[in-house]
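Visitor: Predicted structure and sequence below. I'll ask about it afterward.
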Amino acid sequence: MGALAVPGPGGVLGAVGHQRGAPRRAAPRRLRAAERVHLLQPGPADMVRRVLRLRGGTRFAAGHPSRDPRASRDPRLPGVATVTTTRFLLLRHAEATGNLGGQTQGRIDNQLTDRGRLQATTVPSSLAPYDPVALYVSPASRARGTAAPIAETYDLAPVIDERLHEVDHGDLDGMGFDEIREHFADFLEQWRDETFADLRFPGGESMGEARVRMLEVLDEAAEQHGAADVVVVSHNMALKSLLTHALGVSMAAQRRFHLGLASLSVVERRPGEDGGPSRWSVVGLNEQCHLPDE
């Protein structure tokens, strides 16, 4: 199962509908079969961008940050460019052996399965509409294996950061749900509570602690890269701790949305006003269209 998941109330996060009266953009033409094949083959990043130009999908040219609409002007201060938005492309790792056996995967270092390696080869195509300038990766083998095709396709050197690791499951790491229920029933009961953000795994950490370290990495990356697209390859619960923060909802809300293996979620970060907290928004969640049909 990859990370401890206790069923909760279902919910659907729908896309924002088209605003009545707003002009509609013409839909880009569909990729031809040959173009789709090119996207799925690992190769230099300029190959991906060349295909995008054919379909009219690029939003700004690499090497021309002044054309990036995210380096926008603050409407309250005409003529003063103060708003810089960093876009983070958040990827959950592809399928690992622990996902097959339904075991918890915190710091246990499981490898990608054959299916996971295939999923990883398709991940670069999910990033084709963007222009990644940096790649930050958890040290886990399943995350590094997922990141390798991205690094090759976009010519990026992975930055391995321990703070992007999965929530530390401590004594529960590697266990299945039945075993956890037998040996840690009290913990499971507390985990089902709506205020579990600060509940530590026995011998491990809490989701709240994981959120703090995840935010540290992204804040530092935003300071370094500014108005740019930054890829982050991490894990289910670690990413959920970050996404609930970006959505402005309680940690318990992570039970109400799903992050599939090798899925892409997109968040944007703007600096806070007068040194205040950063402002976050979620613009894409659990995108899996790039994955092979099964």
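Guide: Thanks, I have the structure now.

Visitor: where does residue 89 land in three-state SS?
Guide: For residue 89, the reduced secondary structure class is strand; criterion used: DSSP: H, G, I helix; E, B strand; the rest coil.

Visitor: Please name the nearest non-neighbouring residue to it.
Guide: With CB to CB, 6 or more residues apart in numbering as the criterion, residue 89 has its nearest non-adjacent residue at 4.7 Å, and that residue is residue 231. Just so you know, the C-beta spots here come from the backbone N, C-alpha and C atoms, and that holds for glycine as well.

Visitor: right, and that neighbour touches residue 86 too?
Guide: No: judged on CB atoms under 8 Å, residue 231 makes no contact with residue 86 at a distance of 11.8 Å.

Visitor: More neighbours: which of these two?
Guide: Applying other CB atoms under 10 Å to residue 231 and residue 86 shows that residue 231 carries more neighbours, namely 28 against 23.

Visitor: Mind listing the shared neighbours of residue 231 and residue 86?
Guide: Common contacts of residue 231 and residue 86, defined by CB atoms under 8 Å, 6 or more residues apart in numbering, are absent altogether.

Visitor: ok, back up a step: how near is the residue nearest to residue 89 to residue 242?
Guide: Here the distance between residue 231 and residue 242 works out to 14 Å (CB to CB, to the nearest Å).

Visitor: do residue 259 as well
Guide: From residue 259 across to residue 242, the span is 11 Å (CB to CB).

Visitor: and if you look at residue 249?
Guide: Distance from residue 249 to residue 242, by CB to CB: 12 Å.

Visitor: Compare neighbour counts for these two and give me the winner.
Guide: A count of neighbours by other CB under 10 Å puts residue 242 above the other of residue 249 and residue 242, at 26 against 13.

Visitor: Which secondary structure elements does the host helix or strand of the more buried one sit against?
Guide: For residue 242, the enclosing helix or strand under DSSP states H and E is helix 236-247. If contacts are counted by 3 or more CB pairs under 8 Å, 6 or more residues apart in numbering; DSSP states H and E, helix 236-247 sits against strand 86-92, helix 207-225, strand 264-270, strand 279-287.

Visitor: ok, now with 6 Å
Guide: Helix 236-247 makes packing contacts with strand 86-92, helix 207-225, strand 279-287 when contacts are defined by 3 or more CB pairs under 6 Å, 6 or more residues apart in numbering; DSSP states H and E.

Visitor: which residues touch the second one?
Guide: The contact list for helix 207-225, computed with CB atoms under 6 Å, 6 or more residues apart in numbering, reads 86, 88, 133-134, 161, 163-164, 167, 197-198, 230, 238, 241-242, 245, 251, 269.
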